[in-house]
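*Asks:* output the structure for:
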Amino acid sequence: MGGGVHVAVVFVLVALAVLALLVGVHRYVWRRFVADTTAPDGTLRRVGTAAVWLLPLLSVGALVSGRAGAPFWLQQVLAWPGYLWLAALLYLTLALLVGEAVRPVLRRVLTRRAGGGTAAGNDSAEPLSSPVEAPAAGISPAPAPVSGTPATLVADAPVTAPADPSRRLFVARAVGGAAAVAGLGTVGYGTYGVLRGPRVKQVTVPLAKLPRAAHGFRIAVVSDIHLGPILGRAHTQRIVDTINRTQPDLIAVVGDLVDGSVADLGPAAEPLARLEASHGAFFVTGNHEYFSGAAQWVHHVRELGLHPLENARVEIDGFDLAGVNDVAGESEGQGPDFERALGDRDLTRASVLLAHQPVVIDDAVAYGVDLQLSGHTHGGQLWPGNYVAELANPTVAGLERYGDTQLYVSRGAGAWGPPVRVGAPSDITVVHLASRQA
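*Replies:* Numbering: from 1, shown residues only. Take a look at the predicted model:
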């Protein structure tokens, strides 16, 4: 009981901290893009303020609508603006933070060009450029300087006044405009990269136990397709066409195929039936399948011609191909079972394991797996998310060795949440198995 209460308290505190952070970030964005650049009570001020209230509400709606069982059409309506705003908020904020360093420099330059200003370039106070006028009638003149004090020190002392409002407005609009171009441009290019479809990578992996006859065997690895309210049938077709052009010997779909039910996304997945490989296409579950109904999706991909590997193994010419369920399946009693998948195999044969999450690499090493193929990380998807992904995964992207086991992690072919990738382009990887006996 005490442990459960502690977890609940921690969850509430984390949720409140995240909420406070989001409120603070939105207020900062509103201030720099709206309050500092528009006239009070003006139309632009009202529109900008309304947008800063509405967009985060759409983001919350996009995040919870699927889990809440909202109609799929409503999920689609909310998804585009809601998810894109999350990415836009990130890069607009980063661009504004860079702008904070530029802002005082720009103020100093403008002040000097205006022919005045303090040495420090303080934008809150500027010297008056007009000469000191004689006192008006009826007003006593300023007292004479104290004996021994040069009169010029009094006459030449700078008289300050509030900064020129037009200059301050110009700086705010210049910095805000540049930040908007940089932030929204980054999001736009990242969106184009996702909608354009993944690019093909070629990786050669030598396996000590692979026989010479299997040298050059090609496995097309695709993960994290994430069919959902944004990425649909056209996205699947692009991926299928890209894979088929590589003419692989075998296709491995390594989890997170969908974000939704078969009823909503079945038509979007249909192009998978046209995957072509001489040794077939294989599938293992990812964590998002368990959010979407793993059993129904395993059944559906089987109908489309893929071979689900649910803690199972098949013999391919020259090596064993095994697959384990995702660790998210443990909540349903369907988690990874390495003993069932690998326990009784011939250890003299090379082995390739399909496992969605890289974190199971320790189990793969313990069972003598030669190569594990994974996804899940998206390579971080949105920079600097790769640094966060490194905290939870042994490998974020690419090929690394753990003892006698090699791990290859794909960045994935789709995107979760915002259909945007920055610094982590989507990919389909053709893994060329190489025999050291060749």
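*Asks:* just give me how far the longest helix anywhere in the chain sits from the chain centre.
*Replies:* Using DSSP state H to define each element, the chain has its longest helix at helix 72-113. Distance of helix 72-113 from its chain centroid, counting by CA atoms, centre = their mean, to the nearest Å, is 16 Å.
*Asks:* same check, this time on stretch 396-413
*Replies:* 20 Å.
*Asks:* buried residues in that stretch?
*Replies:* 396-397, 402, 405-413 (16 or more other CB atoms under 10 Å). Yep, even glycine has a C-beta here, placed from its N, CA and C like the rest.
*Asks:* TSV for those residues, including secondary structure and pLDDT?
*Replies:* Shown next, in TSV, are the buried residues of stretch 396-413 (DSSP: H, G, I helix; E, B strand; the rest coil; pLDDT from 0 to 100):
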residue	secondary structure	pLDDT
396	coil	97
397	coil	97
402	strand	97
405	strand	97
406	strand	98
407	strand	98
408	strand	98
409	strand	98
410	coil	98
411	coil	97
412	coil	97
413	coil	98
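*Asks:* now the helices: where do they sit in this protein?
*Replies:* Under DSSP H, the chain gives helices at 2-30, 43-65, 72-113, 151-155, 165-196, 233-246, 262-269, 287-292, 294-303, 338-342, 361-366, 385-392.
*Asks:* let's have the ones you listed in a markdown table, adding mean neighbour count and distance to residue 324.
*Replies:* Below are those laid out as a markdown table (neighbours: other CB atoms under 10 Å; distance: least, CB to CB, whole Å):
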| stretch | mean neighbour count | distance to residue 324 |
| --- | --- | --- |
| helix 2-30 | 11 | 28 |
| helix 43-65 | 15 | 29 |
| helix 72-113 | 18 | 30 |
| helix 151-155 | 10 | 84 |
| helix 165-196 | 17 | 28 |
| helix 233-246 | 18 | 23 |
| helix 262-269 | 18 | 22 |
| helix 287-292 | 21 | 13 |
| helix 294-303 | 18 | 13 |
| helix 338-342 | 19 | 5 |
| helix 361-366 | 18 | 8 |
| helix 385-392 | 14 | 19 |
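*Asks:* show the pLDDT at residue 286.
*Replies:* Residue 286 is assigned 97 on the pLDDT scale.
*Asks:* residue contacts, it?
*Replies:* 223-224, 254-257, 326, 328, 356-357, 375-376 (CB atoms under 8 Å, 6 or more residues apart in numbering).
*Asks:* how does it look with 7 Å?
*Replies:* 255-256, 326, 356, 376 (CB atoms under 7 Å, 6 or more residues apart in numbering).
*Asks:* how about residue 432?
*Replies:* Counting by CB under 7 Å, 6+ apart, residue 432 makes contact with 202-204, 216, 218.
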